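Trainee: quick check, what structure comes out for this input:
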Amino acid sequence: MPYSTSAVILRAAWPLLLFEATIALAVVVLLEPLLVLLVEQVVSLGGDPFVGNTALISFALSPVGMAALATATTSWILVNIIELGGVSLVLWDTRAQHPVRQLEIWRPLIRRLPVLLVISACGFAVALLLAVPVVTMGLAARHWFLSSGDLYFYISTRPPEFLRAVAVIGAAAATAAYVGVYVLLRFGLVVPICLLRPLGVGQALHLAFQATKGRRRALMLRLLGVGAGLIVLWWTALSVLSRLFVWVFARSTIDATSQWAVIGPALIATVALAVLAAITRASIVLVLVADRAADEVLPKRPEARPPPFGRLGLVALVLLSSAIPAAALVEASWVNHVADPAHAIAITAHRAGSARAPENTLAALRNAIMDGADAVEVDVQETADGQVVLLHDTDLRRVAGVGRSIWDLPYADLQDLDVGSWFSPAFQAERIPTLRAFAAACRGRMRLNVELKNNRHGQDLAARVINVLHETGTADQAVISSLDIELLRQVRRIAPEIKLGLILAAGVGNFRSVDVDFFALSRRLATSAVIRQLHAIGRQVHVWTLNDKSGIAQAMLDGADNIITSDPPVAAEMRVWFHGLSEPDRTLLRLGRFLGTSRSGAKISQPSSVDEL
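Mentor: Numbering: from 1, shown residues only. Next comes the predicted model:
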């Protein structure tokens, strides 16, 4: 090999950055929208434009669900294969001291696109084969160790049987990960082989397998070494960038003109992260391309004619590279718009405020009122005799020490159960409240978010909840939410005047088409881009469950309308802090949080008592 790994990356830096900028632009402008549209069309074949949460399991096992899964995964793999294929060609030409021409990189990628699609389908098949044993072991572990109670009980209390289940699933996942890395090392050369040689996928697979025979140990050690080096590189770079933002934070002012002073650090951070990402991909690809196995199967490419315009590459790189920081600044500008002090942010006490009192109890409600929450969220289910009561789990094991399901017991059997001592002896008098009693206690004092829990044993939950809200005079101060879209449709048919919210942890398809008034998104899903899309169609966004200052600040900066938290005082404190931010501060926080600055003790000078994330 004529150059070391670092020397190859340095020599290939310019063409790599140009290719990465081009592919990034292609993904954002063309590939990603096409992929989303394709998946939405496939999902809609099942009759519903969107499938979410627990319905995903049955949907994935249906023919349409399998087609949607295959389409989405194969398309995602194809995008990554195109990118890694282009990177491998750049590195291969650089190793061979061959002039790298962008047109010569893209020509085989486009010409061999059908072959790359077949490789992507093979990748999906491998991923499926690796996932099946892990899922099977997960189901088996659930049956062996976790079948005697509600799953949330095990997750929250973590008894020995839960740890045994985690160990079994973890061992299966680790085995699958090792096999996946092995397959990648043995067959990773298939992509450059197909791009550089007129071979079919089967021939390329055989050639790659033969070329890497006896090279598994060497390739694995090289990959581990590269991984360790990349960890050090990322840690160092993020530390430097974080210090840069801390320095800027310390000098920010409330002067609106100082917002322009943050553009320099913002551009530096954006470009630095893009370069780090490119180095990471190139280093991993180079593990294979720099191996002697590649020398055996990859031909040296013929000399390419120079492009007609010598400075075309420079102009393209400048234009494409400037698009990335420009997009970041546009994003920051939008966040500043929605994060205006006039933007109302509500605070909802999760399970009525479960950080300071037993969840879903009247004691929690009293605390939420004193803590300044704007609303309380509670979980409701039906008893055996049709009473609507507040309970999160499907059984009483966690809150009352009773291993019985709620649908097996009449309300009379619940009235004497102590559901407060598990939290603290001071709450031993707490009992499971009915929704009627809880709503009456809220009337005129607190808005109410009633979450309908579908435990598969409900009788007429939607209608009964609506009746309770009307009879207690709280329908106008209440909203109804659920993970189950069908339950929300029932509410809409019965009481269209009540606002509805879909709680979303995962889903596939066009979620914007769901007939609800707001979305309650998990912290992972509530990105600024998603919030922007929902605001554009008139939907509010609630984000759950945020109990730490950093997470609450991020949601507020991204434009969330409602913070669902188990600890309302913390959220109220952060709301005061948020409204005291200047425009430059919001821009810096938005850009700096990806660098870990919010965890580095950075302080912002402003009237609020909360100045540390």
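
Trainee: tell me the secondary structure of the residue nearest the centre of the chain, please.
Mentor: A centroid search over the chain (Cα atoms, centre = their mean) returns R524, at 3.7 Å, as the residue closest to the centre. Following DSSP: H, G, I helix; E, B strand; the rest coil, we place R524 in the coil state.

Trainee: ok, L417 next?
Mentor: Taking three-state DSSP as the rule, one finds L417 in the coil state.

Trainee: now the residue lying closest to it once chain neighbours are set aside: phi and psi?
Mentor: Nearest-residue entry for L417: A400, 4.5 Å, with adjacent residues in sequence omitted and distances by Cβ to Cβ, 6 or more residues apart in numbering. From N, CA and C alone the C-beta is placed, and that goes for glycine too. When read as degrees, to the nearest 10, the backbone of A400 gives phi -130, psi 0.

Trainee: correct me if wrong: A400 contacts W422.
Mentor: Yes - in this structure, A400 is within contact of W422 by Cβ atoms under 8 Å, at 7.5 Å.

Trainee: neighbour count winner among the two?
Mentor: Just comparing A400 and W422: by other Cβ atoms under 10 Å the higher neighbour count belongs to A400, 21 against 18.

Trainee: domain ranges for this structure, per the record?
Mentor: Structural domains assigned to the chain are 5-337, 342-579, following automatic domain parsing.

Trainee: can you name the next helix or strand after the worst-scoring helix or strand of the chain on mean pLDDT?
Mentor: Counting by mean pLDDT, DSSP states H and E, the weakest-scoring helix or strand in the chain turns out to be helix 312-338, with a mean of 51. Heading C-terminal from helix 312-338, the first helix or strand you meet, by DSSP states H and E, is strand 346-349.

Trainee: just give me how far that next one sits from the chain centre.
Mentor: The gap between the average C-alpha position of strand 346-349 and the chain average comes to 22 Å, counting by Cα atoms, centre = their mean, to the nearest Å.

Trainee: what do you get for stretch 33-46?
Mentor: Between the mean C-alpha location of stretch 33-46 and the chain-wide mean there is a distance of 20 Å, by Cα atoms, centre = their mean.

Trainee: who touches that stretch?
Mentor: The set of residues external to stretch 33-46 that reach it, using Cβ atoms under 8 Å, 6 or more residues apart in numbering, is 49-51, 59, 62, 64-65, 67-68, 71-72, 75-76, 79, 508-510.

Trainee: V39 and K213: what is the separation?
Mentor: 38 Å (Cβ to Cβ, to the nearest Å).

Trainee: what about the two, which has more around it?
Mentor: Set side by side, V39 and K213 show more neighbours around V39, with 21 against 10, by other Cβ under 10 Å.

Trainee: the longest strand along the chain packs against which elements?
Mentor: Ranked by number of residues, the top strand in the chain under DSSP state E is strand 375-382. Using 3 or more Cβ pairs under 8 Å, 6 or more residues apart in numbering; DSSP states H and E, the elements in contact with strand 375-382 are strand 346-349, helix 362-370, strand 388-390, helix 435-442, strand 447-452, helix 461-471.

Trainee: pipe the ones you listed into JSON lines and attach mean pLDDT per row.
Mentor: Conversion of those to JSON lines gives the following (pLDDT from 0 to 100):
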{"stretch": "strand 346-349", "mean pLDDT": "98"}
{"stretch": "helix 362-370", "mean pLDDT": "96"}
{"stretch": "strand 388-390", "mean pLDDT": "98"}
{"stretch": "helix 435-442", "mean pLDDT": "97"}
{"stretch": "strand 447-452", "mean pLDDT": "98"}
{"stretch": "helix 461-471", "mean pLDDT": "97"}
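
Trainee: tell me the most buried of those?
Mentor: Stretch with highest mean neighbour count among the helices and strands packed on strand 375-382: strand 346-349 (a mean of 25; mean count of other Cβ atoms under 10 Å).

Trainee: CA atoms only: put it into PDB for me.
Mentor: Backbone C-alpha positions of strand 346-349 (Å, rounded to 0.1, in the frame of the first residue of the first chain) are rendered in PDB as follows:
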ATOM      1  CA  ALA A 346     -47.900  24.700  29.100                       C
ATOM      2  CA  ILE A 347     -46.800  22.300  31.800                       C
ATOM      3  CA  THR A 348     -48.600  19.000  32.300                       C
ATOM      4  CA  ALA A 349     -48.000  16.900  35.400                       C
END
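
Trainee: ok, A346 to M446 distance?
Mentor: Applying Cβ to Cβ, the value for A346 to M446 is 12 Å.
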